[in-house]
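**Student:** Whatever this is, show me its structure:
(2 chains)
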Amino acid sequence: NAGVMQNPRHLVRRRGQEARLRCSPMKGHSHVYWYRQLPEEGLKFMVYLQKENIIDESGMPKERFSAEFPKEGPSILRIQQVVRGDSAAYFCASSPPLAGAPYEQYFGPGTRLTVT
Amino acid sequence: GESVGLHLPTLSVQEGDNSIINCAYSNSASDYFIWYKQESGKGPQFIIDIRSNMDKRQGQRVTVLLNKTVKHLSLQIAATQPGDSAVYFCAERARDSNYQLIWGAGTKLIIKP
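**Tutor:** Numbers count the residues shown, from 1 in each chain, chains lettered A, B, ... in the order given. I've put the predicted structure just below:
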């Protein structure tokens, strides 16, 4: 049973370009969470999605960032017009239906975004 | 505001010794805490959790202690092994949420042979 998969693992973008990060949850999981981790810091919650629904985006910057989890395919975190401050590791986690407790989130290996 | 902090950014321990990683939190109303292990290049991995109605909880080679009086949390790893090398994060549940955690900055554990 494959774990949470994220791609790409490393992404380099120039300022002003768009970054698309993908997350495939574990089999049977219908909840996806995105987190950002700056160097030397803990993870910061960004958004919580279920299939075709954004449940909580309270941690998402109001501009340039968006997330989706379509009925088919992976969840996508999109960052438009990237700036240097967007450089970070972005982690996705998934959990099974009806779960909610933090420990039931299983994390992917992350995407390291570097903005030059 | 709510915050979780760690006392030491790096901890070096001799292989076979016990490791103690400390964490302070600021919200006295926090009711749930969790420790994660993050190995280089990987996502965080759940280690152990504890609720505020407990002072101590034990797992396999790990023990978490909670001191609510001084708002302090610690993770003890017995007989530290090379595979324990990682960054360890403590986190507390955010208010009114079942899934949002407030994470500390992390402590890097280095195992000396």
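**Student:** By mean pLDDT, which helix or strand of chain B comes out lowest?
**Tutor:** strand B:4-6 (a mean of 54; mean pLDDT, DSSP states H and E).
**Student:** What is the subsequent helix or strand relative to that one?
**Tutor:** strand B:10-14 (DSSP states H and E).
**Student:** Just the strands from chain A, written as ranges.
**Tutor:** For chain A, the strands defined by DSSP state E occupy A:5-7, A:10-13, A:19-24, A:31-37, A:43-50, A:53-56, A:65-68, A:75-79, A:88-95, A:106-107, A:111-115.
**Student:** Out of these, which is closest to B:Q81?
**Tutor:** strand A:106-107 (22.0 Å; C-beta to C-beta). The C-beta positions use only the backbone N, C-alpha and C, and glycine is treated the same way.
**Student:** how far away is A:V32 from A:E104?
**Tutor:** Remark: distance between A:V32 and A:E104 (C-beta to C-beta, to the nearest Å) = 13 Å.
**Student:** Quick one: closest of the strands of chain A to chain B.
**Tutor:** Distance to chain B, taken as C-beta to the nearest C-beta, is lowest for strand A:106-107 among the strands of chain A, at 3.1 Å.
**Student:** Adjacent strands (with direction) for the closest one?
**Tutor:** Note on strand A:106-107: by DSSP bridges, its sheet partners are strand A:88-95 (antiparallel).
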